[in-house]
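Trainee: Dropping a prediction and its sequence here:
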Amino acid sequence: MSIADWTVAPVGRATNYVLETVGGASMILWRIMRALVPPRFDGHETWRQLDRVGVRSAPIVIVTALFVGAIMVIQTAFYVNKTGATSLLGYGVGFTVFAEIGPILIGLMFSGRVGANNTAELGTMVVTEQVDALRALAIDPMRYLVVPRFIAMMLMLTLLMVLGDLFAIIGAAATAQGLIGLDWRVLIANLIESHLLDELTMGIVKAACFGVSISCISCYFGLSVSGGAAGVGRATNNSVVANATAIFLIDFLVGWLYTL
Amino acid sequence: MALHALNTTHRASGNILASLGRPFLSAGRFLSELGRLFRDTAVAIARGRFSGAAVIKQAYEIGNRSVPFIAITLGVLGLISVYQVATQVAQIIPDFSMIGAAFIQMMVREFAPTITGLMVATRVGSGIAAEIGSMVVTEQVDALRMCNADPVEYLVAPRTIASAVMVVMLTAVGVVFATFAGMLVGKGAFGIPYNTFLSLQLTGIGDVAIGVTKALSYGIAIPVIASQAGLATTGGSAGVGWAATSAVVNTSFAVIVIDFVISALAFLVH
Amino acid sequence: MIRFIDIHKRFGSHVVLDGVSLDVDQGEVFYIVGMSGAGKSVLVKHLIGLIRPDKGQILLDKWDVTWLSEAELYSVRKSCAMVFQNSTLFDAMTVVDNVALPIRKHLKLSAGDVRDMALAKLDLVGMRKAADQMPAELGDGLKKRVAIARALTLDPRYVIFDEPTTGLDPLAAAQVDDLIRTLKAQAGVTSIVVSHDLRSIFSVADRIAMLYQGKVRIDGTPDEIRASEDPVVRQFFSGDPDGPMETT
């Protein structure tokens, strides 16, 4: 192997991979947009997806949110105790949960639960020729499979973010009371006084964006599967990695745009 | 079959008690199987019944090949955190002198281990489950047993050892990248000098201990949980996909729970 | 009628079809046979645009199907249905919903009418009783019948069967053969059947074409095939493992 094989080639391969993924997911987004204007997609499937995506992920999001709130209280309490500024506890927890940690962690959980499942499901359909069967029945897989999932994921993640924020506060309050000895009412009052509406909306905007990225990326990886069972496994793996990276990048982008 | 079972939401319309009890029963069964795998893995490692070469290979697979992913995600996290916090601080008390120190401390004790853990859970968790899952589905695991090779010793133990070590190292890498990115943003957007930012003033040995404990725990939990999902695969390509999915969910969740437990213990001990 | 004109197709360096030309007349039951991997499925998938050739043309009735876009192909696919090798029912819905899907998407009927029509199609294949079961609960033979019912929902004039009897027990296979015959007799449907089931081939086919090493080895009526002196043809149709055929 020459030096180039060692250094340039892997970078080139990696770049190719990134470009392919970004390109592929963008193509999917473009085709979804085309199918939405004017709206022609399968309503029945959309309802089914809303149920599956929402109902199935609610428990994990709720439990994650509880823990996230709890962890953030513990971490923030550490500083607050040191500096003595106990009134900042509500603010600190609210800010981090609503604006940053909440969206990222809930986004990651959603990406794992729904994104991976989606890639696996679509990948299996490709491998067992069900997608070809749809095309043979003159049914557009984009309108029948992809757009319903896109809508369901975007809507559901946004709703789940709101739900998650709520349960994160509950987890935070419970931990404050139980572990730290701070009255939960004080925490909540603190929180409300902190005027974190901007942070709350930013978190929800992030959730909507994650919904878009997770659906496009997971559908892209699912529909481009090849290679049987192992291929489906690989695609699922690649899909969650790509989704996680996208979540961080989008989080940064939205955060930065908000400060403009 | 598994996927089909999940798709039917209301077919088994038993009474309320049964449907409430069922998730607890299956959770209980799942946890006991998981516990058994943990114990078997621990025994295999303690007895030294694993291949050193396999450990090295897995270490490369888990560690080296995750570096770019960790670098990007933790680098961006560093960027975001410093940017957001500095913006807030600028509005309240424009004193940036402690930002770097506090940032590094938080990274070491909380965010670097946990986010690294989540990223490893995502990448490696689904990878291990997918890999072992396809081996199950193509009957390679059965073939292993026929050759008197225990799947736990052969598959799970090397990955566990490699992962335990590598997650700690990846966490360190994560701290470096996050700090580096944060430092750049601090200087570029807020004029915080590099020396001021790179302050280890607040970071004590306790923080490092917490961070390492978390990373180690994640490193051990992730491959065992993911292997469990892989070994329990049934049903062809649908099954493999489902195994990868449940591995990501379970390992991520485990990271968060472990994070909470260790953070709470650390707080109480202080 | 259907015409394959000089079709060439390769996947990477592997040449699958190397200049295949075939004509299928209206109302015929036309069998395409050959060994596994000979390119039979690849060839028929060209008809509905699931695969595009590297070179050549495919004509279906008045359409030149070769390079039609997905949107343009929808009309073609309503006239020419395909029953896939693995039945490929949609796992996520019941049998009757599987059959009802194309009806729901292409015909403006009420929900009740859609279900009635789907049940009628299931009747044709004798699967009405299984209407509300899930595909995973059915055996392969039954799944195949449902797949056929689903293919017939839009009353196509052409049906492609990709290995319809592979993996079925002799009784189930005979029933599928019967169905193909009935389709021709009662509805004038032109059937293109991909198969290597020798028994079915000789009992149902009007004409048979054999693919070997990417080319058409022989193309004729069952009698013409039986009378052939070509050693490769004779080996394939006698099922003899020894002979001039290269199997890799």
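Mentor: That came through fine. Numbering: from 1, shown residues only, chains lettered A, B, ... in the order given.

Trainee: Give me the pLDDT for the residue lying closest to A:Arg40 once chain neighbours are set aside.
Mentor: Leaving out its chain neighbours, the residue that sits closest to A:Arg40 by Cβ to Cβ, 6 or more residues apart in numbering or on different chains is A:Arg143, at 6.2 Å. Placement of C-beta: from N, CA and C, glycine included. A:Arg143 is assigned 89 on the pLDDT scale.

Trainee: who touches A:Arg143 in this structure?
Mentor: Residues in contact with A:Arg143 (Cβ atoms under 8 Å, 6 or more residues apart in numbering or on different chains) are A:35, A:40-42.

Trainee: just A:Asp132 next, same as before
Mentor: For A:Asp132, the contact set (Cβ under 8 Å, 6+ apart) comprises C:45, C:50, C:84, C:88.

Trainee: what's the pLDDT at it?
Mentor: Note on A:Asp132: pLDDT of 90.

Trainee: Which helix or which strand is home to residue 240?
Mentor: All of this is about chain A. A:Val240 belongs to helix A:228-258 when assigned by DSSP states H and E.

Trainee: that's the wrong chain, I wanted chain C
Mentor: Under DSSP H and E, no helix or strand contains C:Asp240.

Trainee: Tell me which helix or strand C:Val16 sits in.
Mentor: For C:Val16, the host element (DSSP H and E) is strand C:14-24.

Trainee: do that strand and chain A meet?
Mentor: No - judged by Cβ under 8 Å from any Cβ of the partner chain, strand C:14-24 stays clear of chain A, getting no closer than 14.9 Å.

Trainee: Now for the residue of the stretch 1-150 of chain A found nearest chain B: which residues touch it?
Mentor: For the stretch 1-150 of chain A, the residue closest to chain B is A:Ala120, as judged by Cβ to the nearest Cβ, at 2.3 Å. Residues in contact with A:Ala120 (Cβ under 8 Å, 6+ apart) are A:222, A:232, A:235-236, B:3, B:238, B:240-242, B:244-245.

Trainee: that older thread, in the helix holding A:Val240, what's buried?
Mentor: Buried residues in helix A:228-258, counting neighbours by 16 or more other Cβ atoms under 10 Å in any protein chain shown, are found at A:228-248, A:250-252, A:254-255, A:258.

Trainee: And for stretch C:138-154?
Mentor: Applying 16+ other Cβ under 10 Å to stretch C:138-154 flags C:138, C:141-154 as buried.

Trainee: Over to stretch C:175-189?
Mentor: C:175-177, C:179-180, C:183-184, C:189.

Trainee: So what does the residue nearest to the spatial centre of chain C have for phi and psi?
Mentor: Central residue of chain C (Cα atoms, centre = their mean): C:Phe161, 1.8 Å from the mean position. For C:Phe161, the backbone dihedrals (degrees, to the nearest 10) come out as phi -110, psi 120.

Trainee: what sits against the closest residue to it other than its chain neighbours?
Mentor: Closest residue to C:Phe161 apart from its sequence neighbours, by Cβ to Cβ, 6+ apart: C:Val193 at 4.5 Å. Applying Cβ under 8 Å, 6+ apart to C:Val193 gives the contacts C:29-32, C:160-161, C:164, C:180, C:200, C:204-205.

Trainee: part of a strand, is C:Val193?
Mentor: Yes - looking at C:Val193 with DSSP: H, G, I helix; E, B strand; the rest coil, it is inside a strand.

Trainee: and the gap between it and chain A?
Mentor: Going from C:Val193 to chain A by Cβ to the nearest Cβ, to the nearest Å gives 16 Å.

Trainee: ok, that residue to C:Val99 distance?
Mentor: According to Cβ to Cβ, to the nearest Å, C:Val193 and C:Val99 sit 21 Å apart.

Trainee: any chance of the contacts of A:Asp132 in CSV, with distance to chain B and pLDDT too?
Mentor: Output for the contacts of A:Asp132, formatted as CSV (distance: Cβ to the nearest Cβ, whole Å; pLDDT from 0 to 100):
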residue, distance to chain B, pLDDT
C:Lys45, 21, 89
C:Leu50, 20, 87
C:Phe84, 16, 86
C:Thr88, 13, 81
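
Trainee: and which of those residues is nearest C:Glu70?
Mentor: Ranked by distance to C:Glu70 (Cβ to Cβ), those are led by C:Leu50 at 10.3 Å.

Trainee: what does chain C put close to chain A?
Mentor: Contact residues (Cβ under 8 Å from any Cβ) of chain C with chain A: C:45, C:48, C:50, C:70, C:73-75, C:77-78, C:81-82, C:84-86, C:88-92, C:101-102, C:104-106, C:150.

Trainee: go on, the stretch 151-270 of chain B?
Mentor: B:236-245, B:248-249, B:252-253, B:256-257, B:259-260, B:263-264, B:267-268, B:270.

Trainee: picking that back up, flag the least confident of the contacts of C:Val193.
Mentor: Across the set of the contacts of C:Val193, C:Ser200 stands lowest in pLDDT, at 83.

Trainee: which residues touch it?
Mentor: Neighbouring residues of C:Ser200 by Cβ under 8 Å, 6+ apart: C:164-165, C:173, C:176-177, C:193.

Trainee: now with 7 Å?
Mentor: By Cβ atoms under 7 Å, 6 or more residues apart in numbering or on different chains, the contact list for C:Ser200 reads C:165, C:173, C:177.

Trainee: Closest one of the residues you listed to A:Gly54?
Mentor: Checking the contacts of C:Ser200 against A:Gly54 by Cβ to Cβ gives C:Thr165 as the nearest, at 43.4 Å.

Trainee: so how far is B:Asn148 from that closest one?
Mentor: The value you get for C:Thr165 to B:Asn148, if Cβ to Cβ is used, is 42 Å.

Trainee: Looking at those two now, which is surrounded by more residues?
Mentor: Legend: neighbour count by other Cβ atoms under 10 Å in any protein chain shown for C:Thr165 and B:Asn148, higher for C:Thr165 (25 against 6).

Trainee: Packing partners of the lengthiest helix in chain C?
Mentor: Secondary structure assigned by DSSP state H gives helix C:170-187 as the longest helix of chain C. Applying 3 or more Cβ pairs under 7 Å, 6 or more residues apart in numbering or on different chains; DSSP states H and E, one finds that helix C:170-187 contacts helix C:140-151, strand C:190-195, helix C:198-204.

Trainee: Flag the helix or strand of chain B with the lowest per-element mean pLDDT.
Mentor: Least confident helix or strand of chain B, by mean pLDDT, DSSP states H and E, is helix B:2-7 with a mean of 40.

Trainee: what about the following helix or strand past it, near chain A?
Mentor: Moving toward the C-terminus from helix B:2-7, the next helix or strand (DSSP H and E) is helix B:16-46. No - taking Cβ under 7 Å from any Cβ of the partner chain as the criterion, helix B:16-46 and chain A are apart, separated by no less than 8.9 Å.

Trainee: Off-centre distance for helix B:16-46?
Mentor: The chain centroid and the centroid of helix B:16-46 are separated by 19 Å under Cα atoms, centre = their mean, to the nearest Å.

Trainee: Mind jotting down where the strands sit in the stretch 51-200 of chain A?
Mentor: Along the stretch 51-200 of chain A, no stretch is classed among the strands by DSSP state E, counting those that start in this stretch.

Trainee: which regions of it sit below the pLDDT cut-off?
Mentor: Applying pLDDT under 70 to the stretch 51-200 of chain A picks out residues A:84.

Trainee: How about the residues of the stretch 1-150 of chain A by chain B?
Mentor: A:60, A:64, A:67, A:70-71, A:74-75, A:77-78, A:95, A:99-100, A:108-109, A:112-113, A:116-117, A:120-121, A:123-124, A:127.
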